[in-house]
Structures are given as structure tokens and as C-alpha cells.
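Engineer: Any chance you could fold what I've pasted below:
(chains A and B)
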Protein chains: 2
Amino acid sequence: MKEVAIIGVGATKFGELWGSSFRNIGIEAGMRAIEDANLSGSEIDCLFIGNMSAGRFINQKHIDALIADYSGMATKNVPAIRVEAGGASGGVAFGQAVTAVASGMYNTVLLGGAEKMTDQNDAFINTAMDATADAEWETGMGLTLPSLYAMIARRVMHEGTATREEIASVAVNSHFHGALNPGAQFRKEISLDTVLRASPVADPLGMFDCAPITDGAAAVVLCPLDEAKKHTDSYVKVSAFAQGSDTLALSQRPDITSFGATVATSRKAYEMAGITPADISIAEIHDDFSIAGILALQDLGLYKKGCAGKAFLSGETKVGGGKVAVNTSGGLKARGYPIGASGVAQIVEISEQLRGKADKRQVANAKYGLAQSVGGTGSAVTVSIMEAV
Amino acid sequence: MKEVAIIGVGATKFGELWGSSFRNIGIEAGMRAIEDANLSGSEIDCLFIGNMSAGRFINQKHIDALIADYSGMATKNVPAIRVEAGGASGGVAFGQAVTAVASGMYNTVLLGGAEKMTDQNDAFINTAMDATADAEWETGMGLTLPSLYAMIARRVMHEGTATREEIASVAVNSHFHGALNPGAQFRKEISLDTVLRASPVADPLGMFDCAPITDGAAAVVLCPLDEAKKHTDSYVKVSAFAQGSDTLALSQRPDITSFGATVATSRKAYEMAGITPADISIAEIHDDFSIAGILALQDLGLYKKGCAGKAFLSGETKVGGGKVAVNTSGGLKARGYPIGASGVAQIVEISEQLRGKADKRQVANAKYGLAQSVGGTGSAVTVSIMEAV
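Structural biologist: All right, here's what the predicted structure looks like:
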């Protein structure tokens, strides 16, 4: 298998993009990534798209063809592949694209993630998001995605591996970074008190423990590592990609205070990259709910169980905080959560950091960055490791 | 890249499977394929699933995790990837799985396609299927998938490259074979008159020109060609896989009497396999509407423009008819059209034929078989070529 490089990245602003359509934001992100790679669209051999629910949100399935068409690539019959894995859709799209280049099947590949959510009413959107839980054994019984994560939080607090304050500080960390990111949906710091006093969603989680509803798209261009220099001086190496599954229903797990798929997948990724968790300087993690941030740092081996919450609360997860800088983009909570785009936006942020282009939120001297994307309640997880060159 | 073999295939019966759920049919097909390959589920390294609309039809997204879970593979954190490309979903899943094995990323891969459609009312299903056309420029204006194909038929008849009778005979051919396939939804021959006198759907197409609404699943196991013999004596070589896109809206094409993506993709596939159309003895083509069968044979280079209709009408597309045996499974029209499963079911049929296991519909001495899967009105096309060993 060939080694793979990221030679271009791009994203739209994340937020309520009422003046733009799904196809427009998809193309905007793609074109930015292609320009960043100093390519023209005609040099792309294959497209991958991560998207969760365009079928429901904009009544458009088959968005592989939509994006190929509106990017002008359909005139060359460029193949386009849409993948979906709930919240991990973008992460899975990245993995498929990496495999396509590593295999030699395609040379220059564009991958993107996009979701247009704010044109629908909230109840409709929530139903679509809940459909990533088990329809027969969870949502069919009245459970929702927030309530499932609330049960995880409740159990974590019961076992004493994180306090309510520590869980809430995951959102504080994301907003701290969101304030530094011009592309974020929420560019405003929040206090611990704001999170703790917010209106309840599913006890103990309140409104500020939950990622928002967002429009947005992000895109990345890949090519073989040994060809990257032909296109740009500013590229990043993909050191590892791994993906893993777990039971769809939370009730089927031996332990709900840890996501087994994150544990297994990250171990595989570290091995592929030939590094240990101690080598990671930046991590973009899937904080769709604050509690997920606690689990992520622990399951990724970046902190021992019981220690992630303390790290968030103490502020050492912030840029310049000392150890691993977590969600410097603002994460799902503050950058925003356009579902299919999120896993790709994480790769964009890690790439910008490793190329020294992250401006006010730049992490100094980072060698390795990690991105973790999660579908449902941990039933699909992707872990990618990127390396500065 | 490694050469790839099909070492096991399986499918459920296609039809109105009211006694079975989506997860049950998915698992049934998968287990049959695994047993056919003389494997146990624990030997599968990665799963691919083609599905169009479980999110709408059964309120379940994230079916990658669902299938990994209910097949028992989630306990080993086996990665699972769902792809969607409208009617080409199964074909695209096959392509991604072939790439995964060819790249060396995974060794033994299970891919499946499944759709559970008959639990919903027809209007709801039709809306979901229409969502594979362009939501802004076609369905938003009142166009439907049948009416788009009707316009193609009308144009073909206007240009004189097929008559109404010739178009209708595509359905007659599929039903002839469906009667011979115990797994088909419709096991009944029909006459040309039946097709011509059926109630109209979108003029000139009537009810028998349109593939039915179906529940069903199909699955295939792949491994590197040089390891196939370790598992079974009865395997098939994958000689080529190619995929291509075209504009989403039909109005953007220079010519609607041909699918450019089929032309480009099949040329690429023949080149990869090192053969010409004359080497193909069996073809499974995407006859979601009868007119699509005419286009397919011509665009695949199996017949010249203006000749495919005559071939269907004369019966030379039937088993023993002399030239290429077309849709020996019964095709989408008579075997049934569970959308995401269809592209995989085609591979199952070609494999059974090339292994000499197609019973009453067996084509004699076939060396090469081709499968063509189509999304929307030709906006995504996959072409696979399999070879007897």
C-alpha cells in the first residue's frame, strides 16, 4: 500500500447558512480544498462524500451524483461514492478515500462531508439524528440520542470517574477554542456556570452539553505521499486510519462508561503509525455531547480513566495548556455539528495545525494530530492520525 | 493491487417478506454467503453494505453498525461501511469491497445489499425513489423517476432506435427467466400483450415496464484470488470493476437515448479485464424500467444502437438464445427490486452462472459475465466483470 498525503483542505463557515443550499456549500468546500492543493477540478480522479441525512433534510438521495454533477466532474464521469455512518459519516468517507489512494486504484482524490440541517424544524432533525440509535430496541421504546448519552453521564458520575462540573467543562473547552476560530458557529467563551445552569435536555445534560444543529461542509484532497511535493510545499502525512464497530444498542455493552470501538480502533491506529498516545499533541474528538469528550480522551489512551474530566476542568486541554490540545477548532459543540461534515472538518483542523496555519489557536511544535469520529452511541468509530512533514 | 476472488454468495428470496425484518434479511443473506465460502463469521475482516433508504423505510440509519451488531461481528469491532448511490448502491458496495481486498487493507470481506420496502405505503416509497433524481430541478418541478424514464422511451421511439413492442419485450425476457428462478418475486412468464395492455404509469410505460417494490437481501464474500483455493473449489475471479458518474438531472445531458456513464464505465471495465464486449456470455443489467434494458445493452457495447430491442423481441437474449443471455436471474423486473440489494444480487447470479450452479437457467460454457448497476437516470453506473476459473 502507498503512503498517503493531505495536500489541500477547505471548509465553509459553520452555522445557520440560510442563504446557501446543500449543493452550494458542498461545492464551496470542495473548491477551497482543490485551490489549496493548487489543482484544478479536472485533476481529481475520484470523489467521496460523507453525509447522514440529505434524503430527509433536503429530499435528495444519491448526493454522490449531485456533487459530481455540480462540481463539473460528472462531465468526465468521475466516480463518486457516498458513505453514511451516522455521526461518523465524515470519518468513514476519509477512510475510504485514504484506502482508494493507498491501493493505487485512484491517484488524486477529493473527499468531502456536508450537511444542511437548519432548513428543517428541530423535531424533524432530532428524529433523524435519533435514527442512528437502534430503531427496534432504543428509539422504538422512546429513547433519544440525548437520553442515551445522559444515561452514560449518569453512570460515569455514579462510578465517580467524572463529576458534573468536569463533564460540563468539556463544553467550556470547546467554546474557548470556538471563540478563536473565525469559521465556528459559536465564537463566544462560556463559563462553567452557564453550562450548569442551562435548561435541561436529558438530565444531567443541559442545553450547553449538546452540540448544536448546523449547516456546513468540509473537504480534503489526497494524493500519494511521494507525489505531494509536486503540488505543494504545505502538506501533511496520513500516518494511520482505522475503523471499528460496536453493538448498535447501548444496552448490549458490558460497560457504558467506555466506548470499546474507540479503544480497539485507536490501538490499531497507534500501531499503524508506530507511535504511542504520548506522541499526540492535538486531538479533535467527537463531543456531540459533553460526556462523550470525557470518554474519548480516556478511550483514546490520552488520559487514564477518571483523569480526563480533571484535565478539561483544569484547562490543560486548551491551546498552550501543556499536554494535548483538545478540539482547537471549537469541536462539535462550538465549531458546530453539520453531521456528515464533522469528521472531515476534524481532518481539516488537524491539517491546518500541522501545517502551522491555525492562527490564534496554533499549537506549537506539534508532530502528530489525531481525529476521532463517532456514530450513534459509539457503534461506529474512526480514528485517524496525521503527521507533520 | 491484488487480484480478487468471489468465494461465497447468498441471497434471501425476493418478494413481500412481511414475516421478516430488515435486520433478519440482512443477516440471512450474509450467513448464506459465509457458509457458501466455508467460513465462519469470525473470519470476516470488514463489512460493506449497500442500502438506499433504511432511514426512511424503517427509521434506521447507521445500518453499518446494525449489520455488524446483529451478525455478531461488532463484538470483534469489525469495521462496517454503508454506501448509498440510489439504485447503484449495491454495485458501489461491491466496488468498495473489491478495492478493500485489492489494496491489502482487508483480507476477507463480506459485502451485502438489503432493502425492506413493502412495510410502507406506495406513495411514501415512490417519494423516496424519486429522491434519486434531482430534487431542485426535477422532482421539485413534479417529475418522477417513471416519468423521466418515460421521456427517454418517448425519445428513443421518436428517433426510431426501438419500437414500443421492442421496449416491452425487455420485461417479457426478464419474466421468462424469473419463472426459472426459485428466488424470484414473480415466477410467471408474461406475454408481450400483457405488457402493452397494462395500466399506464407514465406514457408510454405501463405497469409491466416498471420493476416492482420488493424486500430482499444479497451478499458476497471476497478474498485475494491466490487464497481462494484454501476455502473452496468453487470460486470466481473478479476481472474488473469500474464506476462512473453523470449529471444528476436528465435535462443536462447532450443525448438522453444513451447513458454516457455506462459507455465510459464499461469501456474502462473491458480494458481492465483485457477483453471486448464479444467475450461476454451473460449480462445482468439494470432494468428498473424496460427502456433502461434497451439503453444498457447498447451502451455496454453488446449491441449496436437500434439493435438491442430487436434482440429482446427475437428472444436471443434468453438462455440458450444464442448470443448474450440477459438477466437470467429475472432482472429487476421479475426477480424483484429491493433497491440496495439489486447490484449485489446481480453479482450473486453471475457467480452462480460461472460456477455452473444456475440450475434451469444455466448458460452453457460461459467464461465472462458482466453486471451493470444504475443510480437515478444514469447519474451513477457501476460495471463489474467476473470470470470463470
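
Engineer: Can you tell me the centre-most residue of chain A?
Structural biologist: In chain A, the C-alpha nearest the mean C-alpha coordinate belongs to residue A:343, at 2.9 Å (Cα atoms, centre = their mean).

Engineer: Surely that residue forms part of a helix?
Structural biologist: Yes: residue state for residue A:343 (DSSP: H, G, I helix; E, B strand; the rest coil) corresponds to a helix.

Engineer: What is the burial count for the closest residue to residue A:22 other than its chain neighbours?
Structural biologist: With sequence-adjacent residues excluded and distances taken as Cβ to Cβ, 6 or more residues apart in numbering or on different chains, residue A:22 is closest to residue A:116, at 4.0 Å. Yep, even glycine has a C-beta here, placed from its N, CA and C like the rest. A count of neighbours around residue A:116, defined by other Cβ atoms under 10 Å in any protein chain shown, yields 28.

Engineer: the strands in chain A, which residues?
Structural biologist: For chain A, applying DSSP state E gives strands covering A:4-11, A:46-50, A:80-84, A:109-115, A:200-202, A:205-206, A:216-224, A:236-245, A:280-284, A:325-326, A:368-375, A:380-388.

Engineer: so can I have JSON lines of these showing mean pLDDT?
Structural biologist: Formatted as JSON lines, the strands of chain A follow (pLDDT from 0 to 100):
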{"stretch": "strand A:4-11", "mean pLDDT": "98"}
{"stretch": "strand A:46-50", "mean pLDDT": "97"}
{"stretch": "strand A:80-84", "mean pLDDT": "96"}
{"stretch": "strand A:109-115", "mean pLDDT": "97"}
{"stretch": "strand A:200-202", "mean pLDDT": "97"}
{"stretch": "strand A:205-206", "mean pLDDT": "98"}
{"stretch": "strand A:216-224", "mean pLDDT": "98"}
{"stretch": "strand A:236-245", "mean pLDDT": "98"}
{"stretch": "strand A:280-284", "mean pLDDT": "98"}
{"stretch": "strand A:325-326", "mean pLDDT": "98"}
{"stretch": "strand A:368-375", "mean pLDDT": "98"}
{"stretch": "strand A:380-388", "mean pLDDT": "98"}
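
Engineer: Out of these, which is closest to chain B?
Structural biologist: Closest approach to chain B among those (Cβ to the nearest Cβ): strand A:236-245, 3.7 Å.

Engineer: Enumerate every residue touching the residue nearest to the centre of chain A.
Structural biologist: If you count contacts by Cβ atoms under 8 Å, 6 or more residues apart in numbering or on different chains, residue A:343 has them with A:50, A:87-94, A:113, A:371, A:373, A:382.

Engineer: restrict those residues to those near chain B?
Structural biologist: Checking the contacts of residue A:343 against chain B by Cβ under 8 Å from any Cβ of the partner chain, the ones in range are residue A:92.

Engineer: if we can go back for a sec, my guess is the residue nearest to residue A:22 contacts residue A:338, does it?
Structural biologist: Yes: the pair residue A:116 / residue A:338 is scored as a contact, 7.5 Å apart, by Cβ atoms under 8 Å.

Engineer: Overlap of the contact sets of these two?
Structural biologist: Common neighbours of residue A:116 and residue A:338 (criterion: Cβ under 8 Å, 6+ apart): residue A:215.

Engineer: Burial check on the closest residue to residue A:93 other than its chain neighbours, number of neighbours?
Structural biologist: Spatially, and ignoring its direct neighbours in sequence, residue A:93 is nearest to residue A:50 (3.3 Å; Cβ to Cβ, 6+ apart). Around residue A:50 sit 33 other residues, with neighbours defined as other Cβ under 10 Å.

Engineer: and the residue in chain A that chain B sits nearest to, what does it touch?
Structural biologist: Closest contact between chain A and chain B, by Cβ to the nearest Cβ, is at residue A:103 (3.1 Å). Residues in contact with residue A:103, defined by Cβ under 8 Å, 6+ apart, are A:1-2, B:1, B:99, B:102-105.

Engineer: if we can go back for a sec, is it possible to export the strands of chain A to a markdown table including distance to residue B:222?
Structural biologist: As requested, the strands of chain A are exported to a markdown table (distance: least, Cβ to Cβ, whole Å):
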| stretch | distance to residue B:222 |
| --- | --- |
| strand A:4-11 | 23 |
| strand A:46-50 | 20 |
| strand A:80-84 | 17 |
| strand A:109-115 | 22 |
| strand A:200-202 | 42 |
| strand A:205-206 | 43 |
| strand A:216-224 | 24 |
| strand A:236-245 | 18 |
| strand A:280-284 | 33 |
| strand A:325-326 | 39 |
| strand A:368-375 | 24 |
| strand A:380-388 | 21 |
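
Engineer: my read: residue A:368 touches residue A:238, true?
Structural biologist: No: in this structure residue A:368 lies outside contact range of residue A:238 using Cβ under 8 Å: 11.4 Å.

Engineer: The two: which has the busier surroundings?
Structural biologist: The residue with more neighbours, out of residue A:368 and residue A:238, is residue A:238; 26 against 23, by other Cβ under 10 Å.
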